[in-house]
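K.L.:
pasted the sequence and its predicted model underneath.
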Amino acid sequence: MIDLSIQPALKSVLPDLALGYISANVVVTKHNEALWNEINQHLAHLTSTIKPDQINSIPQIAAMRSAYKTLGKDPSRYRGSAEALLRRVLTGKELYRINNIVDINNLVSLESFSPLGSYDLEKVTPPIELRIGAVGETYKGIGKDEINIENLPVFADVQGPFGSPTSDSERAMVRQETRKILMVVFSFAGREGLERWMARASDLLSKYGEGQGIESSVVI
């Protein structure tokens, strides 16, 4: 199992924060047509059932926006990844095509309305803690400039911060050569439902990522 915990100071201000993580050995591929068939079916469902002005009232997204406000972050400027993906889809923009692992990550995020993060376990050094971003703290985001992670919930290992529910760092991103991953489901509304989405992610990793040695656990 992975040595992963939530900082007591973060848990004290966000008592409903919970994490569900999956670790697995995988094979990263650039594209999987069968996976994208599933993704496109779900995108059609989303666009036919949700309007953009309904996004903030979705319970999981509302809980995250409230959590960010509690931490002193503007949730409209620092959107959670689930909200950002959903807004992208509902405004008619194409979903990013990255690789099979990131595509699975995004599908489960759009199904659960919860942020997910996927990381190359060979690029991080446990113990891993989800903590509050320190004053002035930043990191190089994936495809972005330096991201201000002060007061965001951030994953950090012995080398420093590498991920958040808003945007992850380049250091731990999943690449073609990645062989072992950590995938995390963030919930800001308690652990209810986490096992369902962990199971869904595990199933997709087995089906489309040649997932082996899959382990999972809830952290509260």
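P.N.:
Everything's here; your move.

K.L.:
do a quick rundown of the helices in this protein.
P.N.:
Here the chain has its helices, by DSSP state H, at 8-13, 33-49, 59-71, 81-90, 100-112, 194-208.

K.L.:
let me have those in a markdown table, extended by mean pLDDT.
P.N.:
Listed next are the helices of the chain as a markdown table, based on pLDDT from 0 to 100:
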| stretch | mean pLDDT |
| --- | --- |
| helix 8-13 | 98 |
| helix 33-49 | 98 |
| helix 59-71 | 98 |
| helix 81-90 | 97 |
| helix 100-112 | 98 |
| helix 194-208 | 98 |
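
K.L.:
please work out which of the ones you listed is packed deepest.
P.N.:
Between the helices of the chain, helix 100-112 has the highest mean count of neighbours, a mean of 23, where neighbours are mean count of other CB atoms under 10 Å. C-beta here means a position set from N, CA and C on the backbone, and glycine is covered the same way.

K.L.:
from the centroid of the protein, which residue is nearest?
P.N.:
Most central in the chain under CA atoms, centre = their mean is residue 116, positioned 1.6 Å from the mean C-alpha point.

K.L.:
can you pull the contacts of that one?
P.N.:
81, 82, 105, 106, 108, 109, 183, 184, 185, 186, 201 (CB atoms under 8 Å, 6 or more residues apart in numbering).

K.L.:
specify the beta-bridge partners of it.
P.N.:
The residues listed as beta-bridge partners of residue 116 by DSSP bridges are residue 185.

K.L.:
list the contacts of stretch 101-110.
P.N.:
Applying CB under 8 Å, 6+ apart, the external contacts of stretch 101-110 come out as 26, 28, 32, 35-36, 38-39, 42-43, 46, 81-82, 85-86, 89, 95-98, 115-118, 174, 178, 181, 183, 185, 197, 200-201, 204-205, 208-209.

K.L.:
cool, and stretch 1-9?
P.N.:
For stretch 1-9, using CB under 8 Å, 6+ apart, the contacting residues are 17, 19, 21, 23, 121, 126-132, 182, 184, 215, 217, 219-220.

K.L.:
emit the PyMOL select command for whichever of those are buried.
P.N.:
To isolate in PyMOL the members of those that are buried, counting by 16 or more other CB atoms under 10 Å, one can use:
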select buried, resi 17+19+21+23+121+128+129+130+131+132+182+184+219
